[in-house]
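A.B. asks: here is a sequence with its predicted model. Questions after.
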Amino acid sequence: MINKLKPKSEFSKNVLTLMTGTTIAQVIPIAISPILTRLYTPEDFGVLALFVAITSIFGSIANGRYELAIMLPKKDEDAINIFALGFIIVSVLSLFLLFVVIIFHDYILDLLNNKEISPWLYFVPVSVFFMGLFNILNYFNNRKKQYKDLAKATIIKSIVTAIVQFSLGFFKAGVTGLISGQLASSFFANMKLLKNILDDKKLVLKINKLKMLALAKRYKDFPKFTLWAGLLNTSSTHLTNILISSLFSIKTLGFYSLSQRLLAMPSSLIGGSIGQVLFQQATEEKHKTGYIDKSFKSVLKKLVLISLPSFFILFFIVEDLFAFVFGEEWRIAGYYAKILIPLFAISFIVSPLTILNQVNLKNKLGMQWQIGLLSLYMIILYISDIVDLSFVKTLYSIVIIISSYYLFFLYLIYNHARKRNEKIFQNK
């Protein structure tokens, strides 16, 4: 009976492996969140959200987006050289950011309009380095189908975050506990994934300068187009958080960030796992047939069947659920979450499918769409500030406009998925 319930296809098995690890990893912060919201204030969570926003923006471009190319070559020798190229880029970027923080520290504080983040600006380069390293480790392990280790790394990251934040919270460490948990967890997760690469010494020895330069040129479209698309995509979320703290308050950002983080969990839990495996499966389909429409349709159906019922039920209970679980003080975060649910339901469906732009070499399209997305967010916030809209009315505006924009992009992805592209990835 149990064997009948087990997934039969390799795709389903790989998704289940990643999803199991992510599920366990998500259960841990959910389990301790009611404690953390009583150990830390909304302002503490607001400063954490501001720190994460800054590091995530730079982390999205930490490897020049060459991490996406790790999956594409047929030879592992090429993949490891792309890995090395990404490592060099993130190292240089991190050192540059450290220099910028040291020289322009006070100016950055004035720009952010938040003094509490002052000491943590020096840790931005460290966090960006960890994020960049995780990016390339994640894709290389994905290429080697090391899904169990990817799942374990996710669990380790969650456990370390929980232990550090929980422990320091009892000593009233404030935002120090929250940010320290982020940094420590990234370090240990990276060490877990790095072992798989270092163990293959023969492959590591094949790294050479000329090969890296040749591959950098071959996959130049990734830094040329996809880098900007990734930067714009991350900015549309995290730059919004930075502006919320500036235009409204750090406390408002604290409430909003909690609702945003919890609503994003289904995407991280299921959508992210599906997207990772879809990348590998669609690449194989592209090599064999030149099309990716079969992968698109199959995954779209799965995402819709998961998203709509789940978010529909959540809509009616989320406000009271936040108040019960996190404390009455956090009910307003539940109210924000209720407003945001339609947007996250649509995003859950569309986001995993955007990886098909890389498979289909539509990097420029992704960049153009992200420019539009960021522009819409900035226009909404700008107009809201000019006409003095409340934060709630601003959220409603974001949900209506951005949801429509996501659906438009889904249509574009489908159009390109059903067309044959002769430029199939291969070694020259």
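C.D. replies: Happy to help now that I have it.

A.B. asks: quick check: longest helix of this protein.
C.D. replies: In the chain, with assignment by DSSP state H, the single longest helix is helix 76-112.

A.B. asks: can you classify the closest residue to residue 116 other than its chain neighbours by secondary structure?
C.D. replies: Of all residues not flanking residue 116 in the chain, residue 47 sits nearest, at 5.0 Å (CB to CB, 6 or more residues apart in numbering). No exception for glycine: its C-beta is placed from N, CA and C like everyone else's. What DSSP: H, G, I helix; E, B strand; the rest coil gives for residue 47 is helix.

A.B. asks: for residue 47, give me its contacts.
C.D. replies: 114, 116-117, 120, 175, 178-179, 250 (CB atoms under 8 Å, 6 or more residues apart in numbering).

A.B. asks: what does residue 131 give?
C.D. replies: Contacts of residue 131 by CB under 8 Å, 6+ apart are 55-56, 59, 62, 186.

A.B. asks: quick one: which of these is most hemmed in?
C.D. replies: residue 62 (29 neighbours; other CB atoms under 10 Å).

A.B. asks: so that one: helix, strand or coil?
C.D. replies: Assignment for residue 62 (three-state DSSP): coil.

A.B. asks: correct me if wrong: it contacts residue 91.
C.D. replies: No. At 9.5 Å, residue 62 does not count as touching residue 91 under the criterion of CB atoms under 8 Å.

A.B. asks: now do residue 136 against residue 286, distance only.
C.D. replies: Plainly put, residue 136 is 22 Å away from residue 286 if you go by CB to CB, to the nearest Å.

A.B. asks: who has more neighbours out of those two?
C.D. replies: residue 136 (27 against 22).

A.B. asks: now the angle between helix 76-112 and whichever strand or helix holds the more buried one, please.
C.D. replies: Per DSSP states H and E: residue 136 is located in helix 124-143. Orientation check (axes from the mean of the first three to the mean of the last three CA atoms, to 10 degrees): helix 124-143 against helix 76-112 gives 150 degrees.

A.B. asks: how far off centre is helix 124-143?
C.D. replies: 12 Å (CA atoms, centre = their mean, to the nearest Å).

A.B. asks: repeat that for stretch 344-359.
C.D. replies: 12 Å.

A.B. asks: stretch 58-75 too?
C.D. replies: Taking mean C-alpha positions (CA atoms, centre = their mean), stretch 58-75 and its chain are 14 Å apart.

A.B. asks: now the end-to-end length of that stretch.
C.D. replies: 30 Å (CA to CA, to the nearest Å).

A.B. asks: likewise for stretch 201-212?
C.D. replies: With CA to CA, one end of stretch 201-212 sits 18 Å from the other.

A.B. asks: what's the average pLDDT for that stretch?
C.D. replies: Taken as a whole, stretch 201-212 has a mean pLDDT of 89.

A.B. asks: quick one: buried residues of it?
C.D. replies: By neighbour count with 16 or more other CB atoms under 10 Å, stretch 201-212 contains the buried residues 203, 207, 211-212.

A.B. asks: tell me which residues are up against that stretch.
C.D. replies: Counting by CB under 8 Å, 6+ apart, residues outside stretch 201-212 touching it are 76-78, 80-82, 84-85, 88, 197-198.

A.B. asks: and these as a markdown table, adding distance to residue 413, pLDDT and neighbour count?
C.D. replies: Output for the contacts of stretch 201-212, formatted as a markdown table (distance: CB to CB, whole Å; pLDDT from 0 to 100; neighbours: other CB atoms under 10 Å):
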| residue | distance to residue 413 | pLDDT | neighbour count |
| --- | --- | --- | --- |
| 76 | 29 | 87 | 17 |
| 77 | 32 | 90 | 16 |
| 78 | 27 | 90 | 21 |
| 80 | 31 | 92 | 23 |
| 81 | 30 | 93 | 25 |
| 82 | 25 | 93 | 30 |
| 84 | 32 | 94 | 20 |
| 85 | 28 | 94 | 24 |
| 88 | 32 | 95 | 15 |
| 197 | 32 | 87 | 18 |
| 198 | 37 | 86 | 9 |
